[in-house]
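Chemist: just coords:
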Ligand SMILES: Cc1cc2nc3c(=O)[nH]c(=O)nc-3n(C[C@H](O)[C@H](O)[C@H](O)COP(=O)(O)OP(=O)(O)OC[C@H]3O[C@@H](n4cnc5c(N)ncnc54)[C@H](O)[C@@H]3O)c2cc1C
Ligand SMILES: Cc1cc2nc3c(=O)[nH]c(=O)nc-3n(C[C@H](O)[C@H](O)[C@H](O)COP(=O)(O)OP(=O)(O)OC[C@H]3O[C@@H](n4cnc5c(N)ncnc54)[C@H](O)[C@@H]3O)c2cc1C
Ligand SMILES: Cc1cc2nc3c(=O)[nH]c(=O)nc-3n(C[C@H](O)[C@H](O)[C@H](O)COP(=O)(O)O)c2cc1C
Ligand SMILES: Cc1cc2nc3c(=O)[nH]c(=O)nc-3n(C[C@H](O)[C@H](O)[C@H](O)COP(=O)(O)O)c2cc1C
Ligand code: FES
Ligand code: FES
């Protein structure tokens, strides 16, 4: 498949301030940061590595995909999981944050080709931003229906309809309990949609079982599939080799390398799905 | 000298709430706690071992002398030193605190005898409480001038005159800069006072150099001296032997014990000054 | 039957304990100090402060230093000595209804023998923990504690004299191979291995530029040693078939569970008691609610 | 002259460095990874990721676990191998203007010899650090790293071949007596001892009940090992007369100062770089403002 990697600017460390932490539901919030001077335009799929501000215990930074970025602000869509995300949620407007970014490989550009993007939960972030990025930076009229976003949550509450313009943008929405849109998960809705409107490539981001289901769809349909993966990170710049996932081994002439690993932070987080060894993905 | 140890109730762990943190000056504050049910009447000189509430780094508890205690509340006079006292200062009304207490030996009762009590800085706490305790629980009229408190601070700001009734109670006050009362430190003022009004015993609590000066006064005057000392603590109940200070070795028949130590938490914090080996006191 | 009545008793050598949660040696003194603060009789037991044949004054202060990740101590085995212990402290345990394991150490075989013989005819204690691992004193059993042959010898000397009591050998983590020492203790007849004592560490005073402690090295304990202790316990559990008592850095119920996962049959709470005296009781309650978390037999996992 | 122009250069063996602050091996990759994030050329230097004769894939994930007191890692020496290092990575250092010490390890004397011979004719690096202490791989130099005779042998094999470069021997803290190994390295001709590598630890997953890492044991680093590392550095500084490079748990300027007080002539920042990438630069600046904090000569203190 013919694709272009979006050029990735060099990452740096930035200090910025919280504009707003906007609670979307009991677990989800949008963290709006003021865009620091010199912060380059991030590609969709890239992420920030956020310091957790505390004088207390040791914390590694935490990675979050960019949900949106404009001239003024950078927005993250965060689900509260543990102590790190709790501390970030509790930051008030004006408080300082410190991050590395933008980091990692982006989803590719597929000029003229139709893409079905399947997002579950916070997996929405890079795929939502892709849509914004493409419509802002490229001539969208060339292919108005080229990018179809499918998003699934547990119930209507998880769709954040009052805060995020998913429905207006023509996204297809699913809820597990059928309280809004399609009853089922995003992968199931994608399957239905795929039958109705075949595409050239799938993008996916979300819980691992959903990603696997999308990978199966791609194989069945014989189309390309790019997936954004997660893993625990330390450096987030490819230095420490902490965040690797197993990928199909390529022969290395004369070397006895039985396994090959790629880093989620630097080689990913966006991977071509057919190099991922799904059975051996670590639990993030 | 004829004296009575005040009977010390058994310590326990209590959970209580902050009634108020009242800032007295840039570094000093009064922490008013609601008196938990079952908390026994503490003797003057005893202390609480306060947990530092944080989900972050490891903290040992922190010891603070009781500054006042009535039917409703327990009050501590705290000077902000490091992270522990900072966290305690930042607690708001209604927040939970957890302490062990009351702990340690108290200043003795000396029926009918005249006492000059010399306090510097937060050393005020136990000696202020002694005055309250005696006037509340004993028949003060027997010896109206039996307890004279001398208190010294750097300047008028450190005397907290608007918050604490030191001047009204007839305490003698000193400031290093002479901005209020006697110009000099509490030990110097005590020396002057001692010449004017001889007493039967000295009490002291405060910075180590001041305590040493008071010890010298006591030796010169040939009178008894009880002193409240500090040291770093872990258990605060005499179990871990962390908080010892060297005291004059008493012969132990048949045993080769070259040094003897007593615990500040359990044998003290109030000691008979003549058993303290001043040169070898650890820096708290 | 409510969950809180679940049987979580545990047998270590010839002795059964009501549950597998103990206070570590040196943490709770001789048993009386925390008596009014926590209900010690609800615990599996306590291990009393290590005693020696003669009383010891211990090291000069400072003896304790707080760190963000735990504490350093240099107590130096201050203790009342064997005679006073038997005369004054042992009888208290009965009044307190606390099940106690008595921690002892010594400098020579002869001293170990004399202490063991003094305890042989006594009652009112459940067993002995041989502290072969205190980093804070010169000339006691730490150096010997690294020598497998010596460990085996001492263990058998003591076990012989208290066959009906339980005998635990407490080992140091400051070793490349804890399995070696643990196997020696097993060969000597130990009923359990207590792992671990403090890790050697130090700290400096930035205002004076000098070490905090007179002896420089001190014993590091608390949350910072948890991962180290867990690994040592796992290693020991895979080296011996007697039970392992896990110690080091426990400051939550979850931390205690990890020791059972690492292969321990019981745990001891140390430094965390100072911040959180109720923790050992909470661990007992959690185990009663989830008896499957506990482990009923020792040996490799 | 402003404080920030103070000379805090330091000579370690035959090589002078502009200041005594380094990034630790394995932390900053090969030098290119942090190039746009921190000005590495302002540092004394970096120690590159340990390389081996052949490329290594490393351990299966998970490889990292965060703890409240630091991190556990089980990377398993993933590296590009000697050939690719020399071909692709070494030349980058020059472009980056970074002073680098190259970390190497191997399984046999012969492999060490071959690596040393490959570096002997090269330029563009300041020295070699022999990693005799990685806990995360089977069959490499860790086990040998505990054997003084082997350490001396390997050290002399490498030093002989790079006489004009500086040779550091990095030791494990997982030993009862680090002095023994340090003296062996000194006898073999090491220019400095780097102390310490990670402490062995482990953790368990409460949801599965299993160890986090496939190999169970992993390398513990970060603030929780600071007191341990300080003591090992103090021990080594009192055992040898060559300089000591202090490593382990540095996460503030104050922590770094403590290593100089313990007897180190230089420091390496490890895990803290991940939370606080500016820390090494802040340490350099603090030392320039207070050159008296630094130490100009090695050996016992
Ligand atoms: C490339 C990438 C992009 C991500 N984008 C988003 C996003 O847009 N929104 C969002 O809410 N979350 C995102 N995540 C997941 C997010 O990083 C974790 O949920 C978060 O780190 C959890 O931190 P915690 O302290 O709250 O949770 P805890 O569970 O307390 O964290 C404990 C440890 O787990 C690690 N950890 C747990 N889950 C993850 C994970 N999935 N990835 C990496 N480390 C993890 C943490 O780093 C930490 O070491 C992303 C992860 C990656 C790798
Ligand atoms: C019996 C007793 C009574 C005390 N009464 C009072 C009082 O009424 N008001 C008051 O303000 N202070 C009192 N102190 C001192 C107070 O405990 C310390 O100032 C406080 O613990 C410092 O904690 P920090 O975290 O703010 O300081 P840090 O300096 O950050 O503490 C670091 C470490 O030092 C220890 N430490 C430092 N100074 C002392 C000290 N003097 N005593 C014990 N540990 C210390 C802390 O426990 C901690 O381990 C008393 C101390 C003792 C022993
Ligand atoms: C203040 C203090 C005193 C100690 N005294 C002893 C002792 O006398 N005998 C002993 O075997 N261990 C002693 N220890 C070690 C503890 O029993 C325990 O092995 C160690 O602290 C690790 O556990 P922790 O991290 O839970 O504290 C002492 C520890 C501390 C902190
Ligand atoms: C992710 C990671 C990878 C490491 N890789 C190496 C390595 O390849 N070679 C080496 O000698 N040390 C390696 N180390 C050890 C560090 O260089 C350092 O000795 C150790 O982390 C202690 O320092 P710290 O507490 O400052 O991190 C690694 C440490 C970490 C955390
Ligand atoms: S997190 Fe360090 S290589 Fe990815
Ligand atoms: S603090 Fe434990 S004995 Fe005093």
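Modeler: Yep, it's here. On a predicted model such as this, the values are computed, not experimentally measured, just so you know. Numbers count the residues shown, from 1 in each chain, chains lettered A, B, ... in the order given. Ligands and ions are numbered 1, 2, ... in the order given.
Chemist: ok, the residue of the stretch 151-300 of chain C found nearest ligand 4 - how many residues close by?
Modeler: With C-beta to the nearest ligand atom as the measure, the residue in the stretch 151-300 of chain C that lies nearest ligand 4 is residue C:224; the distance is 11.5 Å. For every residue, glycine as well, the C-beta is placed using N, CA and C. Other residues lying near residue C:224 total 34 when counted by other C-beta atoms under 10 Å in any protein chain shown.
Chemist: from memory it sits against residue C:251, does it?
Modeler: No - in this structure, residue C:224 sits apart from residue C:251 without contact. The criterion is C-beta atoms under 8 Å, and the distance is 10.3 Å.
Chemist: where do the contact lists of these two overlap?
Modeler: residue B:58 (C-beta atoms under 8 Å, 6 or more residues apart in numbering or on different chains).
Chemist: Residue of chain A closest to ligand 1, please.
Modeler: For chain A, the nearest residue to ligand 1 under the criterion C-beta to the nearest ligand atom is residue A:82, separated by 2.0 Å.
Chemist: That residue: neighbour count?
Modeler: Residue A:82, neighbours per other C-beta under 10 Å, totals 9.
Chemist: Over to residue C:87?
Modeler: The criterion is other C-beta under 10 Å. On that basis, residue C:87 has 11 neighbouring residues.
Chemist: Show me which residues of stretch A:52-59 are buried.
Modeler: Of the residues in stretch A:52-59, those buried under the neighbour-count criterion (16 or more other C-beta atoms under 10 Å in any protein chain shown) are A:52, A:56, A:57, A:58, A:59.
Chemist: typed the wrong thing, it's stretch A:232-250
Modeler: Buried residues in stretch A:232-250, defined by neighbour count with 16+ other C-beta under 10 Å: A:232-247.
Chemist: same check, this time on stretch C:18-33
Modeler: Residues of stretch C:18-33 classed as buried by neighbour count (16+ other C-beta under 10 Å): C:18-33.
Chemist: Wondering if it reaches ligand 3 at all.
Modeler: Yes - in this structure, stretch C:18-33 sits against ligand 3 according to C-beta under 6 Å from any ligand atom; the contacting residues are C:24, C:25, C:26, C:27.
Chemist: hang on, the last one packs against residue C:270?
Modeler: So that's residue C:27. Yes - counting by C-beta under 8 Å, a contact exists between residue C:27 and residue C:270, whose distance comes to 5.1 Å.
Chemist: so where does the residue in the stretch 1-150 of chain A that chain B sits nearest to fall, helix or strand?
Modeler: With distances taken as C-beta to the nearest C-beta, the stretch 1-150 of chain A approaches chain B most closely at residue A:56, which sits 1.8 Å away. According to DSSP states H and E, residue A:56 maps onto no helix or strand at all.
Chemist: sorry, back to before: out of the buried residues of stretch C:18-33, which are inside strands?
Modeler: In this view, the buried residues of stretch C:18-33 that belong to strands under DSSP state E are C:21, C:22, C:23.
Chemist: what residue ranges in the stretch 101-250 of chain A score low on pLDDT?
Modeler: Counting by pLDDT under 70, the stretch 101-250 of chain A contains low-confidence residues at A:138-145, A:250.
Chemist: Write out the residues of it neighbouring ligand 4.
Modeler: Residues of the stretch 101-250 of chain A lying close to ligand 4 by C-beta under 6 Å from any ligand atom are A:234, A:240, A:242.
Chemist: So what pairs up with the residue lying closest to residue A:74 once chain neighbours are set aside in the strands?
Modeler: Excluding the flanking residues, the one nearest residue A:74 by C-beta to C-beta, 6 or more residues apart in numbering or on different chains is residue A:33, at 4.7 Å. The partner list for residue A:33 in beta bridges (DSSP bridges) reads residue A:18, residue A:74.
Chemist: Then residue A:225?
Modeler: Partner residues in beta bridges with residue A:225, using DSSP bridges, are residue A:202.
Chemist: Just give the number of residues close to it.
Modeler: Residue crowding around residue A:225 was assessed by other C-beta under 10 Å; the count is 23.
Chemist: Please enumerate the helices of the chain.
Modeler: By default, I'm working from chain A. In chain order, chain A shows helices spanning A:83-89, A:124-137, A:186-196, A:208-221, with DSSP state H as the criterion.
Chemist: wait, chain C
Modeler: Per DSSP H, chain C carries helices over the ranges C:81-84, C:90-96, C:109-119, C:141-144, C:148-161, C:178-187, C:226-237, C:253-262, C:272-275, C:279-289.
Chemist: List of residues touching the last one?
Modeler: Contacts made with helix C:279-289 from outside it, assessed by C-beta under 8 Å, 6+ apart, are listed as C:3-6, C:8, C:19-23, C:38-39, C:42-44, C:250-253, C:256-257, C:267, C:269, C:272-273, C:293-294.
Chemist: Closest residue of the stretch 151-300 of chain C to ligand 2?
Modeler: Nearest to ligand 2 in the stretch 151-300 of chain C, going by C-beta to the nearest ligand atom, is residue C:274, at a distance of 10.5 Å.
Chemist: which residues does that residue contact?
Modeler: Taking C-beta under 8 Å, 6+ apart, we find residue C:274 in contact with B:60, B:61, B:234, B:235, B:236, B:240, C:27, C:71.
Chemist: Could you rerun that using 7 Å?
Modeler: Under the criterion of C-beta atoms under 7 Å, 6 or more residues apart in numbering or on different chains, the contact list for residue C:274 reads B:60, B:61, B:234, B:235.
Chemist: nearest to residue A:207, of the residues you listed?
Modeler: Out of these, the one with the shortest distance to residue A:207 is residue B:60. That distance is 42.2 Å, counting by C-beta to C-beta.
Chemist: isn't that closest one right next to residue B:234, touching?
Modeler: Yes - under the criterion of C-beta atoms under 7 Å, residue B:60 lies in contact with residue B:234, with a separation of 5.7 Å.
Chemist: Now list whatever residues contact both of the two.
Modeler: Any residue near both residue B:60 and residue B:234 by C-beta under 7 Å, 6+ apart counts here, and that gives C:71, C:274.
Chemist: related to what we said a few turns ago, so which of the contacts of residue C:274 are also by ligand 2?
Modeler: residue B:60.
Chemist: Same list, the contacts of residue C:274, but as CSV with distance to ligand 5 please.
Modeler: Rendered in CSV, the data for these read as follows (distance: C-beta to the nearest ligand atom, whole Å):
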residue, distance to ligand 5
B:60, 35
B:61, 38
B:234, 38
B:235, 42
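Chemist: Looking at the contacts of residue C:274, which one is closest to ligand 6?
Modeler: Distance to ligand 6, by C-beta to the nearest ligand atom, is smallest for residue B:235 among the contacts of residue C:274, at 3.5 Å.
Chemist: The closest one: what's it in contact with?
Modeler: Shown in contact with residue B:235 (C-beta under 7 Å, 6+ apart): residue C:274.
Chemist: And residue C:79, by the same measure?
Modeler: By C-beta under 7 Å, 6+ apart, residue C:79 lies in contact with C:49, C:50, C:51, C:52, C:55, C:56.
Chemist: Excluding sequence neighbours, find me the nearest residue to it.
Modeler: Take residue C:79 and drop its neighbours on the chain: the residue closest to it by C-beta to C-beta, 6+ apart is residue C:51, 4.7 Å away.
Chemist: What pLDDT does the model give that neighbour?
Modeler: What the model reports as pLDDT for residue C:51 is 96.
Chemist: Pick the most deeply packed of the helices of chain C.
Modeler: Burial among the helices of chain C, expressed as mean neighbours by mean count of other C-beta atoms under 10 Å in any protein chain shown, is greatest for helix C:226-237, which shows a mean of 28.
Chemist: for that one, packing partners?
Modeler: Packed against helix C:226-237, as judged by 3 or more C-beta pairs under 7 Å, 6 or more residues apart in numbering or on different chains; DSSP states H and E, are the following elements: helix C:178-187, strand C:192-195, strand C:244-247, helix C:253-262, strand D:199-201.
Chemist: contacting residues for the closest residue to chain D within the stretch 1-150 of chain C?
Modeler: Of all residues in the stretch 1-150 of chain C, residue C:69 sits closest to chain D, with a separation of 4.3 Å (C-beta to the nearest C-beta). With contact set as C-beta under 7 Å, 6+ apart, residue C:69 has these partners: B:58, C:222, C:223, C:224, D:69, D:223, D:224.
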